[in-house]
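A.B. asks: turn this into a structure:
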Amino acid sequence: MATFLGNTVGLKVGTTDLSAWVNSITINQEFDTVEVTAMGNSGHVLLAGLENSTISIEFNADFAASAVNQTINGTAAGNGLVGSTASLTILPVKGTAVSASNPLYTATVLVTQWPQAFSVGELATVLVTWPVNDKITKAITGTF
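C.D. replies: As a prediction, the model looks like this:
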């Protein structure tokens with residue numbers, strides 16, 4: 001796979017495919033820095049520490065049964081993911097095999113927010129940034 005349009009990215013939250021409601025996904029893989037500078041060094045010496053990544057997603061709002069709002073925020077009876085952890089699976093080109101040029105990203109996130117705002121005459125969207133528990137895994141084999 002070479003350069004591609006980002007309009008075929010796949011996203012699963014748990015086992016639910018929410019790709020049809022996604023406008024954008026940003027994987028921000030980041031690590032804490034640990035200083036290991038010692039006598040004799042002429043500048044700072046750093047190591048990568050613990051992973052401290054986040055995943056940001058912009059969803060189109062949809063309150064229909066089994067759509068994005070009920071999957072993340074739950075129904076009137078509850079059962080939403082807000083305040084709990086959820087597994088995310090991201091594939092850059094959905095419908096194409098997982099490979100070195102189309103890697104599968106997986107992570108467990110803490111669903112810390114589900115903000116909702118609506119503006120007259122504009123598409124209703126929900127933009128979230130969820131912290132990753134542990135680390136993001138990248139695989140070149142597997143299934144979406």
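
A.B. asks: in the protein, where's the longest strand?
C.D. replies: Counting by DSSP state E, the longest strand found in the chain is strand 125-139.

A.B. asks: got the contact list for it?
C.D. replies: Residues outside strand 125-139 that contact it (CB atoms under 8 Å, 6 or more residues apart in numbering) are 23, 27, 29, 51-61, 68-69, 85, 98, 103-116. From N, CA and C alone the C-beta is placed, and that goes for glycine too.

A.B. asks: for PyMOL, write the selection for the buried entries among those.
C.D. replies: The buried residues among the contacts of strand 125-139 can be selected in PyMOL (16 or more other CB atoms under 10 Å) with this line:
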select buried, resi 27+53+54+55+57+59+68+69+98+103+104+105+106+107+109+110+111+114
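
A.B. asks: residues touching the nearest residue to Ala61 once chain neighbours are set aside, list them.
C.D. replies: Closest residue to Ala61 apart from its sequence neighbours, by CB to CB, 6 or more residues apart in numbering: Ala124 at 3.8 Å. With contacts defined as CB under 8 Å, 6+ apart, the neighbours of Ala124 are 60-61, 116, 118.

A.B. asks: now Ala124. Its backbone dihedrals?
C.D. replies: Phi and psi for Ala124, reported as degrees, to the nearest 10, are phi -80, psi 120.

A.B. asks: which residues does Gly14 contact?
C.D. replies: Contact analysis of Gly14 by CB under 8 Å, 6+ apart lists 81, 86-87.
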